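[1] Give me coordinates for this.
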Amino acid sequence: MSEIDLVPLHKELARFTPLGRSGLLPALHAAQKIYGWLPQEVAAEVARSLRVPLADVHGVIEFYSLFYNEQVGRNFIRVCTDQACALKGADNLLGRLCKHYDVEPGQTTEDLSLTIERSPCLGLCEQAPVALVDDDAQTNIAPDFKSYDLGIPRSLVYGSMRKLTANCGNGTTTLAKYGEYSAYKKALSMTPEAVIAETDKASGLVGRGGAAFPTGIKWGGAAKIQADQKYVVCNADESEPGTFKDRVLLLDDPHRTIEGMCIAAYAIGATKGYIYIRAEYPYILPVLENALVEARSAGYLGSHFDIEIRVGAGAYICGEETALFESIEGKRGFPRVKPPFPTTNGLFDKPTVINNVETLCNVPLIISIGSAEYRKIGTEKSPGPKLFCVSGDVAKPGLYEVPFGVTLREMLKMAGGVAGKKQLKAVLFGGAAGAFATSAHLDVKLTFEDLRAAGLPLGSGVIMVFDETRDLRDALKRLGKFFAHESCGKCYPCQMGTQRQMEILDRVANGNVLPGDFVRLEDVGWTMTDASLCGLGQTAASAVLSAMKLWPELFVEESKVENKKVSRVSKVSKAAKKAVKKDVSKVTKVSKVSKAKSIKVKKIVKAIVKKNRKASTNKK
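    Numbers count the residues shown, from 1 in each chain. Sure, this is the predicted structure:
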């Protein structure tokens, strides 16, 4: 290999040297942009400049999917093969593309001109099938590749109201068009306590990223802590398959999010903010950078409070708040043990408020119209507007803004119903970490309370539709692969559980179910749910467990259905159903024991964590 010229790298590293360890990810991004990958010499120079152990640098490079320590092509095509794109023929597209260039997925052409990869969800689900061609989004790709859209993706925005999406759907909104930060100015005329009160019980705002934690409690907790530095972090690491609302909000209306962060900073007394955005949204980065320049010029950002953008590097786990902090600090994205919580010991061990993009976009609305008016939208227990990402087998996929309280039936009607006038088979709620619904749930209201009663999660607002022709075993197989790939490996229940779950779901999809797989799959699912350290492992089996409850016949070996093959598309025969019912009744008895074991495992894990924390405290 020819000697690598490090002169261009020295110029780039000068910008990040003052940051120390926390400048590691930006430095690696800059280095990879220069060389196309991260050779040993480059990694060593980054380590020397930032004074980070070389082993740690290599650990970070190997942890994130979009950092490369082996030579790759000068250009990249990443084809999304997650569920929404799979429904639109993504596998065939990837196959044709690889055949044309005579490579396999993950390989590079001999002349090093191109690398083709299979990619997790690219956040473009409403325009599937899609790919990321270097930094451009390629959407609505025809099977023969003769037609597609390339560049900054369009925003398809619909719904019965336009409060959060008022400026979305017509390109990026500049500050001149957005107008002054009137909600921020109003907030400055209020006390911080009054601002927090508005975002607390007065408005009933809860997190829109999936956890639904009360925003006011989070802000109030951070505000009470005395510290020399506090942080506000915007979690824009939108990686949940089927989710694309943050992409639309940041691309079309970046100032709404920035204004929400300014209000949060004033409320808790923070002087520094971060927007952590996923690397799969490269076309949003210049839009955000320009918006921050406009906000600084207008005096909204400055010495009193300023915002820095941090770009991820391909790790779903970094959507978990503490893993995101680790990433900003220049480490692998491993979740932290809680407590302590971010409001007391967050980013850089300082009090931190971290909110999702949609949550922050609600804040200017609440301050502008007041909590009383805000509560007139939605229901008593689920106030305000909500964004839903509708994709899959619907006539009109897109981002829908509606008040909490519309039914699933009404939502699907807005989206034009099931495409091709076919019948509804299933709806995946909340993304990969969600659960399946059927036509029996069409009249369930889309609120936290009603979905909870129906055993369905609101999650990140994903509504992915499957028509009657779809093989749900294939969908489950993809979910299994997704979580096995994205598990960070820090805790054993998730690390091993996601692998075992993937193996069983592979067998299910291939028609090679082994005796006892139903019991094993349920046992693995409950163990991950009860004993995993963070939300990834705790929800990795949610969709699978819901499918097992709705369609148990999918998971039973063929010998259990009297040697009659169960068609992947047709209804299960009566004999099969009878055999399945008998088998599942046995499973139910075993699963109770399995769940009891899982609870026991959870208690053991908690005891170990408590013991370790006590030991750590004693050392201090």
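
[2] Quick check: nearest residue in space to E193, chain neighbours excluded?
    Of all residues beyond its chain neighbours, the one nearest E193 is A223 (7.7 Å), with distances taken as Cβ to Cβ, 6 or more residues apart in numbering. No exception for glycine: its C-beta is placed from N, CA and C like everyone else's.

[3] surely that neighbour meets T191?
    No. Under the criterion of Cβ atoms under 8 Å, A223 makes no contact with T191, lying 10.8 Å away.

[4] which one of these two has more residues nearby?
    A223 (20 against 11; other Cβ atoms under 10 Å).

[5] Pretty sure the more buried one sits in a helix.
    Yes. Looking at A223 with DSSP: H, G, I helix; E, B strand; the rest coil, it is inside a helix.

[6] hang on, the earlier thing: if I pick the residue nearest to E193, what's in contact with it?
    With contacts taken as Cβ atoms under 8 Å, 6 or more residues apart in numbering, A223 has the following neighbours: 192-193, 196, 267-269.

[7] With secondary structure, distance to E358 and neighbour count as extra columns, can I get those in JSON lines?
    Rendered in JSON lines, the data for these read as follows (DSSP: H, G, I helix; E, B strand; the rest coil; distance: Cβ to Cβ, whole Å; neighbours: other Cβ atoms under 10 Å):
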{"residue": "P192", "secondary structure": "helix", "distance to E358": "23", "neighbour count": "17"}
{"residue": "E193", "secondary structure": "helix", "distance to E358": "25", "neighbour count": "11"}
{"residue": "I196", "secondary structure": "helix", "distance to E358": "19", "neighbour count": "24"}
{"residue": "A267", "secondary structure": "helix", "distance to E358": "18", "neighbour count": "28"}
{"residue": "I268", "secondary structure": "helix", "distance to E358": "19", "neighbour count": "26"}
{"residue": "G269", "secondary structure": "coil", "distance to E358": "24", "neighbour count": "16"}
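
[8] quick check, nearest of the residues you listed to D56?
    I268 (31.2 Å; Cβ to Cβ).

[9] show me the contacts for the closest one.
    Contact analysis of I268 by Cβ under 8 Å, 6+ apart lists 192, 196, 219, 222-223, 230, 232, 351, 353.

[10] per-residue confidence for it?
    Here the pLDDT value assigned to I268 is 98.

[11] And for K614?
    K614 carries a pLDDT score of 46 in this model.

[12] Use 23 as the first number for this chain going forward.
    That works, and once the first residue is 23, the last one we named lands at K636.

[13] tell me the SS of M183?
    Assigned with three-state DSSP, M183 falls in the coil class.

[14] give me every residue that touches it.
    Under the criterion of Cβ under 8 Å, 6+ apart, the neighbours of M183 are 399, 407, 423-425.

[15] could I get the residues you listed as a markdown table with secondary structure?
    Formatted as a markdown table, these follow (three-state DSSP):
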| residue | secondary structure |
| --- | --- |
| I399 | coil |
| P407 | strand |
| E423 | strand |
| V424 | strand |
| P425 | strand |
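
[16] Show me which of the residues you listed are buried.
    With neighbours counted using 16 or more other Cβ atoms under 10 Å, the contacts of M183 contain these buried positions: 399, 407, 423-425.

[17] quick check, nearest of the residues you listed to I138?
    Each of the buried ones among the contacts of M183 was checked against I138 using Cβ to Cβ; the closest is E423, at 36.1 Å.

[18] Please tell me how far the residue nearest to that closest one when sequence neighbours are not counted sits from D222.
    In space, and not counting its chain neighbours, E423 is closest to G181: 3.8 Å by Cβ to Cβ, 6+ apart. Distance, G181 to D222, using Cβ to Cβ, to the nearest Å: 27 Å.

[19] Could you check which of these two has the larger neighbour count?
    Under the criterion of other Cβ under 10 Å, the comparison of G181 against D222 puts G181 first, with 23 against 18.

[20] so that one makes contact with V424?
    Yes. Taking contact to mean Cβ under 8 Å, the distance of 5.0 Å between G181 and V424 places them in contact.

[21] intersection of neighbour lists for those two?
    Residues within reach of G181 and of V424 at once, by Cβ under 8 Å, 6+ apart, are 410, 436.

[22] where does the protein have its least confident helix or strand?
    With mean pLDDT, DSSP states H and E as the measure, the helix or strand of the chain carrying the lowest mean pLDDT is helix 596-641 (a mean of 44).

[23] Identify the residue spatially nearest to L498, adjacent ones excluded.
    Leaving aside its chain neighbours, L498 sits nearest to L527 (5.1 Å; criterion: Cβ to Cβ, 6+ apart).

[24] actually I329, not the one I typed
    Nearest residue to I329 in three dimensions, chain neighbours excluded: G295, at 4.1 Å (Cβ to Cβ, 6+ apart).

[25] Okay, and the beta partners of the one you found?
    Taking DSSP bridges, one finds V254, I329 as the beta-bridge partners of G295.

[26] gap between it and K252?
    10 Å.

[27] Overlap in contacts, the two.
    Contact criterion Cβ under 8 Å, 6+ apart; no residue bridges G295 and K252 by contacting each.

[28] Any idea how far apart the tips of stretch 454-474 sit?
    Start-to-end span of stretch 454-474 (Cα to Cα, to the nearest Å) is 17 Å.

[29] what comes up buried for that stretch?
    In terms of neighbour count (16+ other Cβ under 10 Å), stretch 454-474 has its buried residues at 454-459, 463-464, 466-470, 472-473.

[30] same question for it, mean pLDDT?
    96.

[31] Any idea how far that stretch is from the middle of the chain?
    19 Å (Cα atoms, centre = their mean, to the nearest Å).

[32] In the stretch 423-572 of the chain, what residue spans correspond to helices?
    Defined through DSSP state H, counting those that start in this stretch, the helices belonging to the stretch 423-572 of the chain, from first to last, are 430-436, 470-475, 494-508, 514-532, 539-553, 557-561, 564-572.

[33] For S135, find the nearest of those.
    Distances from S135 to each of the helices of the stretch 423-572 of the chain were compared by Cβ to Cβ, and the smallest falls on helix 494-508, at 26.7 Å.
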